[in-house]
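Asker: requesting a structural model of the entry that follows:
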Amino acid sequence: MIEWIVILLIVAAIASLLGFRGVAGVSAGIAKVLILVVLVGILLLLFFGVLAFA
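Answerer: Residues are numbered from 1 along each chain as shown. The predicted structure follows:
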């Protein structure tokens, strides 16, 4: 999933440089959502991992 985040951020940067604001905004928005999903997943893994070993 981190690969998708990097790809979307690269697409957003290139689209922004070329003047495609809509494409840049959409790809950056999707990347933000994926970053949030990854962070929540990591927090859940840490939380349940601590509970499992406690």
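
Asker: export stretch 40-54 to CSV, keeping only CA atoms.
Answerer: Output of stretch 40-54 as CSV, limited to C-alpha atoms (Å, rounded to 0.1, in the frame of the first residue of the first chain):
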residue,chain,number,x,y,z
VAL,A,40,-4.6,3.5,11.7
GLY,A,41,-3.5,-0.1,10.7
ILE,A,42,-0.1,0.4,12.3
LEU,A,43,-1.7,1.8,15.5
LEU,A,44,-4.1,-1.1,15.7
LEU,A,45,-1.2,-3.6,15.2
LEU,A,46,0.8,-2.0,17.9
PHE,A,47,-2.2,-1.8,20.3
PHE,A,48,-3.3,-5.4,19.8
GLY,A,49,0.3,-6.6,19.8
VAL,A,50,0.9,-5.0,23.2
LEU,A,51,-2.3,-6.6,24.5
ALA,A,52,-1.3,-10.0,23.2
PHE,A,53,2.0,-9.9,24.9
ALA,A,54,0.8,-8.5,28.1
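
Asker: and that stretch, how far from the chain's centre?
Answerer: The gap between where stretch 40-54 is centred and where its chain is centred comes out at 20 Å by Cα atoms, centre = their mean, to the nearest Å.

Asker: quick one: average pLDDT of that stretch?
Answerer: Mean per-residue pLDDT for stretch 40-54: 85.

Asker: which parts of stretch 17-32 are buried?
Answerer: 24, 27, 28, 30, 31 (16 or more other Cβ atoms under 10 Å). Bear in mind the C-beta positions are built from the backbone N, C-alpha and C, glycine included.
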